Each structure stands twice: as C-alpha cells, then as structure tokens.
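# Build the 3D model from these lines:
(one chain, ligands or ions: 2)
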Amino acid sequence: MPRKTNYKPDYDENYDDDYDAYDDYDGYDDYDYGSSKQESGKTYEEGKKINRPVLWSCSICTYDNDQSLVYCEICGVLREPSIAPGKDGPVKVFADAASNATEKRRTTKVKQKHGISANSRTLLSQLSQLGVGDSSPTPYNMSQPDNRSSLLSDKRPIDRSTASLATANMLDENKGNNANINKNTPQTLANDPDRLRLDKSLATNRKEDTLADCKLEKGLPHDQGHRTHNQLNLAIVGHVDSGKSTLSGRLLHLMGRISKKEMHKYEKEAKEKGKGSFSYAWAMDESAEERERGITMTVAIAYFDSRNYHVVLLDSPGHKDFVPNMIAGATQADAAVLVVDASVGSFEAGMDGGGFGQTREHAQLIRSFGVEQLIVAVNKMDLVGYSNERFDFIKAQLGSFLRSCGFKESAIAWIPLSVIENQNLVKPASDTRLSSWYCGLCFLDQIDTLQPPVRDVTKPLRLPICDVTRLHTLGQVAVSGKLEAGIVQNGSKVLIMPSGHLATVRSIERDASACSSAGAGDNVAISLQGIDSVHLMAGGVLCHPHFPVAIATRLELKVLVLDITIPIITGTHVEFHIHHAKEAARIVKIVSLLDPKTGKVAKSSPRVLKAKQSAIIVVELDVPVCVEEFSKCKALGRAFLRSSGNTIAVGIVTRVFDQNE
Ligand code: GTP
Ligand code: MG
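Ligands and ions are numbered 1, 2, ... in the order given. Okay, the predicted model is just below:
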C-alpha cells in the first residue's frame with residue numbers, strides 16, 4: 001500500500017454536509033462555465049441585496065451599494081474619487097466592514113465560493129520576481145556504496161515509503177492506534193502546550209548557517225543505499241476526478257509495483273462496491289472513506305524506478321476541501337504532473353476562477369512552492385475521441401494561464417493520454433486516432449527527460465515534519481518528511497523545534513528500506529529516541545543541534561495577491577501556511593506596493609491590496625512557527641495566505657522579526 005499522510009481536512013464540523021453539497025457538483029455537463037455569476041459572498045451579501053435597489057457598484061470589490069452610501073459598504077473605498085473623505089470615515093468603515101466580512105467568512109461553509117473572477121489570465125506573472133523556484137547550486141552526491149538491507153518483506157509491492165519504521169509489521173499492528181492518535185491529537189503547532197516552554201536561548205543564540213561554521217556536516221558522506229537512480233519527488237496534482245489516482249495506480253501496475261493478483265483483488269472489491277471504474281485508484285485511495293466516496297482525501301506516496309529516476313509519486317487530493325493535504329505533499333515535490341480531464345465541461349470546471357477550479361489553484365500553489373518543471377497530462381482523451389482540436393484548445397487555454405503563473409514555456413511538457421485505455425502511458429499510443437497526430441514522448445519517457453533536482457546536502461540539517469507516528473509497543477516515535485537541507489545519520493543528535501528538545505536518531509527509513517544516513521531531497525521516516533511524542537508535531541522542524549531554525553510570530557513577506565475580489569487591508573485575518581505549519585494570522589502592516597515590472601517600491605503604506613498586486617506586508621501569527629528567510633532556506637521561506645478556503649496570496653519570507661522586536 002502507499003503511505004498516506006495523515007492531515008486533518010480544512011474543516012471539521014461541516015464535513016459531511018460539505019460532501020453532500022459536493023455531490024451536486026458532479027454534473028459537469030450542466031456546469032455553466034461561461035457564466036460569471038458567482039456564489040461568492042452570497043451568505044454575506046444576500047440579505048442586503050434582496051430588499052434594496054442596487055445603485056452603484058464598487059470598483060474595487062464589485063459590491064453593489066445603496067445610493068446613499070459614499071463609501072463601499074464592504075471595503076470602504078470611495079464611490080467617487082473626487083469626494084473628499086471625512087475625518088475618519090473611510091478608515092473606520094473600511095476596518096469595520098473588513099472585520100465583519102472576515103468574521104462572516106470564518107463562519108461560512110467551505111462550499112461558499114470566494115468570488116475569484118473567472119477570466120483572469122495574468123495571475124502570478126510576477127512570481128519569478130518574488131524569487132520562487134530558484135534552485136540551489138549543490139549537486140547531489142551519488143557515489144556512496146550500497147550497504148543497506150531492506151527490512152520489509154518482498155510481499156509488499158507498494159510500501160509505506162516514508163512512514164514505515166524499523167519493521168513494517170510493527171506499523172501494521174499499530175495501524176489502528178496510529179490512526180486514532182492522529183485523529184484525536186491534531187498535529188498542529190497550536191495544540192502543543194509545550195511550545196510555550198520554548199528555550200529562548202535557542203532562538204537568540206542561533207549561529208549563522210554558513211558553510212564555514214557547519215564543519216560537522218560539510219563533506220560528510222551519506223548513504224545512498226541500493227539506489228543507482230537519482231530520486232525525483234513527483235507531485236500528481238489537478239482538479240478533482242481528473243484521474244490522478246487512476247494514473248498513479250495504473251502506472252505502478254505497469255511498472256510492476258502492483259502484482260496481477262493484487263490488481264485483480266482491487267478490481268473485484270471495487271466492482272462489489274459498485275465502483276468498478278475506480279479499481280486503479282483503489283491502489284492509492286486505501287481508506288474506506290476514500291473508496292466509498294471515490295475521492296482522495298490524503299496524499300498517497302508510492303514509488304517506482306524509471307530508466308533515469310527513482311520516482312516518488314505524491315498522489316494529491318483534488319477536491320478543494322483537501323487543499324491543505326495537497327500542500328503537504330506538493331511542498332515536497334521536485335517536479336509535478338498536472339492532470340487535466342479533457343472531456344467537455346470537466347476541463348472548463350477545473351479552470352473555473354470562482355473558487356472550485358483546482359487546475360488553477362494547484363498550478364498556482366505548486367509554482368509558489370518552487371516547482372519549475374511541469375508535465376501536463378491531458379487525460380481522458382478517449383472521451384473526446386482523441387481529438388487533436390480539443391487537445392490544442394486545452395493547450396492554448398491552460399498554457400497561457402500557466403505562463404501567467406510563472407512557468408516557462410520550455411519547462412512545460414504536454415502529453416495527451418487515456419489512463420483507462422492505456423494509451424501513451426509507458427509506450428507510444430496504439431490507437432490510431434491518437435498516434436495519427438501525436439508523435440511526442442509517452443508519459444513515462446517524459447518523466448525521464450526532467451532535469452535532476454539539486455540537493456542542499458552541505459547546509460545544516462532541516463527536516464520539516466510532515467507526519468508523526470507513535471509506536472506504542474516500544475514507546476518509540478517517528479517523524480516523516482522530506483529532508484530539505486543537510487544530512488542525518490543513525491545515532492546522531494537532532495534538535496526538535498519549536499519545542500527545543502534533543503533526541504537521538506534510532507533508525508532511518510527511506511523508501512521502506514532501512515539506511516544508515518540520508519541527505520537533502522530524501523523522503524524519510526526517522527524513528528527517534530529520548531523524546532516524548534508530545535514534543536513532536538507536523539509543522540515542527542528537525543535541526544542540527546548547533547544550528548536551530550528560527551521561530552517567530554512576526555514576519556515580513558513579499559507577496560503576490562491572487563485573483564481576489566475582497567481587497568486585503570491592514571487587520572485582515574488569514575490562515576498562514578509555511579512548509580507543514582498552518583496558523584491563524586493577521587496582516588498588521590502593508591509596508592509598500594511594488595512595481596510589477598521592476599519590483600521596486602511604487603507606493604509606501606497603501607491602504608488596500610487588490611488582485612494581482614505585489615507588496616511587502618507584515619503578518620503577525622497567533623503562535624510561533626519555524627521559519628527561515630527565503631534567501632537562507634527556500635523550503636522554509638515560502639509562505640502563502642488562505643482565507644475562506646481559497647489561497648489569496650503567495651510569497652516569500654523576507655524578514656524574520658525577533659521575539660521582542
Ligand atoms: P481525486 O483524487 O478525488 O481528486 O480524483 P482523481 O483525480 O484521483 O480521479 P480518480 O483517479 O479517482 O478517477 C476519477 C474517475 O475518472 C474514475 O471513475 C476513473 O475511472 C475515471 N478515469 C480516470 N482516467 C480515465 C480515462 O482516461 N478515461 C476515462 N473515461 N475515465 C477515466
Ligand atoms: Mg485521487
């Protein structure tokens with residue numbers, strides 16, 4: 001089975017309700033893509049709209065205001081620029097309206113659309129100016145000998161690639177317990193009482209993370225195990241039902257990672273449950289709930305070897321409610337596959353800017369995580385008769401959006417395929433309707449053409465914790481995630497931040513096999529000794545004891561605002577995401593607006609931030625997070641802001657304020 005990351009969904013109480021509502025969304029054929037009618041803000045504005053005439057529409061947030069109002073009721077912007085504001089009029093109205101709106105947004109169900117405009121094409125064109133996606137220069141050391149032995153039985157064609165510990169059987173025995181622990185003990189920093197006992201000296205006495213200081217790790221070899229291939233972490237992302245899990249499952253089957261017998265079992269079980277078409281997806285969607293709903297909820301990790309790479313597949317959920325889970329996987333990606341459904345109505349639904357179009361949101365997010373290389377898998381070509389015209393249409397529509405997100409044209413590969421009919425997956429298409437016009441590479445060969453990722457093994461250890469697993473039998477605890485910098489080896493001491501506790505590495509597992517050490521880029525599970533599991537949580541970071549990561553509640557960010565309709569103002573409440581941490585935050589200052597072309601300051605202290613603007617802002621978090629300036633560690637310095645289930649801004653950390661600043 002693939003390993004599943006265990007994150008809470010973005011919502012709790014309305015879980016079932018939201019899914020009921022989602023069921024209604026299935027009818028893509030009925031979906032009115034062209035309509036600009038948006039449900040966004042409906043719950044907030046509806047009542048007011050019904051009983052009074054609409055007389056002027058705000059140029060900023062498009063809210064329809066009563067004629068008697070001089071300022072927009074929602075965002076406080078003046079109706080006519082020529083009308084001079086009163087003494088404290090606009091500012092007060094602004095703040096009140098924003099806090100009302102924010103409050104309302106918080107209590108609204110996740111099905112509410114945010115009101116992102118449907119026709120934007122120029123989003124994120126400034127991402128490169130924000131610096132996301134730059135690669136570090138240190139190449140990966142591939143020359144270490146093979147001295148490992150696998151601890152897993154050969155009977156497990158797909159393994160829990162990073163979550164399993166010293167013995168896979170142990171994990172199986174405790175599966176139920178682990179699930180409970182993860183459910184009952186939400187793995188967020190906010191829930192850790194111990195974080196308040198943070199050893200302040202760790203934060204204040206931080207050494208500079210320079211190579212000169214980092215003698216311990218400099219040049220230290222790490223165990224490459226049995227691998228002859230470079231590891232490639234490949235996130236599979238895209239709109240709900242586009243076929244991500246089916247693609248992943250079928251690929252694993254074709255690559256021999258799922259046996260015929262096992263596949264037969266999936267087919268039988270899926271048919272019995274009336275979900276025959278999901279048999280390949282069942283290989284990835286292993287929980288009862290996922291299978292019953294026919295939807296991925298948590299990221300599944302599985303792997304196979306291609307000609308050039310040891311490929312780690314991170315099959316993400318496509319449903320909007322599970323974006324935080326998608327993020328957990330996609331932040332670990334070196335490259336991504338964006339799966340789109342070619343069928344009429346479905347592709348368009350994924351491109352919908354009204355809040356549900358996850359083709360758009362996923363593309364924006366993975367680019368903001370620094371993913372530069374993208375394969376667009378145009379799936380379900382069987383449903384459009386392998387039409388060249390449809391493929392070209394999708395390529396043109398999505399292509400211009402991807403370029404606006406900051407993807408270089410040369411770094412995007414377009415592959416038409418049908419997973420169900422096994423066309424163009426691991427060998428060229430046999431169906432002449434496709435082979436007559438497509439003569440490019442098949443999907444598998446395209447993966448092999450991706451550029452190898454560069455790894456930061458010479459910097460101090462940084463392992464953002466993605467998941468925590470407890471093994472009751474031995475009182476052990478394990479963390480999993482991707483090593484972003486440095487190396488880690490058996491027996492070494494590591495510092496757990498933000499709690500500031502030390503632990504000893506008891507064993508390391510990579511791809512379900514034990515190894516003595518692992519380096520930057522590896523997805524690992526590390527079992528630790530000498531630490532209580534309450535000090536470990538997703539969003540924490542394992543560090544070199546001499547080089548603790550910074551922790552802070554106040555950060556300066558350089559952000560690019562996405563396609564929002566309600567402007568951002570000082571005081572706006574947001575959900576702050578950075579690596580695997582998610583915390584409530586508030587925008588406390590809009591320092592400056594930046595010129596989109598030059599990146600220089602265009603205006604100091606603007607009152608509002610609108611869609612597509614880039615700016616320097618200061619955010620204050622309710623509780624501290626582990627963070628680095630982007631210039632020091634890219635993976636720990638990329639952040640994004642969400643509100644009402646939508647990503648509203650992406651950016652990088654430009655300054656980490658001291659606790660007492
Ligand atoms: P989420 O994880 O929930 O976002 O969905 P997904 O993208 O993983 O989609 P999944 O693999 O679960 O497939 C959804 C449906 O699409 C299933 O019924 C599949 O059988 C079907 N499907 C996948 N690929 C193809 C294809 O190439 N052609 C056709 N006709 N159907 C396909
Ligand atoms: Mg899926």
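
# Okay, now the unreliable bits of this structure?
By pLDDT under 70, the low-scoring segments of the chain are 1-228, 353-355, 471-475, 597, 661.

# Now with 50, please.
Low-confidence regions of the chain, defined here as pLDDT under 50, cover residues 1, 6-54, 60-62, 74-75, 77, 80-221, 226.

# quick one, domains of it?
Per the TED database, the domain ranges recorded for the chain read 230-449, 462-543, 551-657.

# For the longest one, measure first residue to last.
So that's domain 230-449. For domain 230-449, the separation between the terminal residues is 13 Å (Cα to Cα, to the nearest Å).

# cool, stretch 432-441 as well?
Taking Cα to Cα, stretch 432-441 runs 15 Å from one end to the other.

# Next, see if that stretch gets close to ligand 1.
No: looking at stretch 432-441 against ligand 1 by Cβ under 6 Å from any ligand atom, there are no contacts, and the closest approach is 11.7 Å. In this view, the C-beta of every residue, glycine as well, is placed from N, C-alpha and C.

# cool, and stretch 247-260?
No: looking at stretch 247-260 against ligand 1 by Cβ under 6 Å from any ligand atom, there are no contacts, and the closest approach is 6.7 Å.

# which parts of that stretch are buried?
Within stretch 247-260, the residues that count as buried by 16 or more other Cβ atoms under 10 Å are Leu247, Ser248, Gly249, Arg250, Leu251, Leu252, His253, Leu254, Met255, Arg257, Ile258.

# Equivalent analysis for stretch 549-558, please.
Residues of stretch 549-558 classed as buried under the neighbour-count rule (16+ other Cβ under 10 Å) are Val549, Ala550, Ile551, Ala552, Thr553, Arg554, Leu555, Glu556, Leu557, Lys558.

# can you tell me which of those residues are in strands?
Mapping the buried residues of stretch 549-558 onto strands (DSSP state E) picks out Ala550, Ile551, Ala552, Thr553, Arg554, Leu555, Glu556, Leu557, Lys558.

# show me which of these neighbour ligand 2.
Checked against ligand 2 using Cβ under 5 Å from the ion, those yield no neighbours at all.

# Taking the residues you listed together, which two end up most distant?
With Cβ to Cβ as the measure, no two of these lie farther apart than Ile551 and Lys558, at 20.5 Å.

# How about the stretch 251-400 of the chain: which residue is closest to ligand 1?
For the stretch 251-400 of the chain, the residue closest to ligand 1 is Gly318, as judged by Cβ to the nearest ligand atom, at 2.5 Å.

# Among the domains of the chain, which comes closest to Arg455?
Taking Cβ to Cβ as the criterion, Arg455 comes closest to domain 462-543 out of the domains of the chain, the separation being 4.1 Å.

# Show me which residues of the protein sit near ligand 2.
By Cβ under 5 Å from the ion, the part of the chain that sits against ligand 2 consists of Lys244, Ser245, Thr296.

# closest to Pro428 among those?
When those are ranked by distance to Pro428 (Cβ to Cβ), Lys244 comes first, at 22.3 Å.

# Could you double-check that Arg455 lies in contact with Ala520?
Yes: the pair Arg455 and Ala520 passes the contact test of Cβ atoms under 8 Å, sitting 4.1 Å apart.

# show me the contacts for Cys543.
Pro460, Leu461, Arg462, Leu463, Val494, Leu495, Ile496, Met497, Val549 (Cβ atoms under 8 Å, 6 or more residues apart in numbering).
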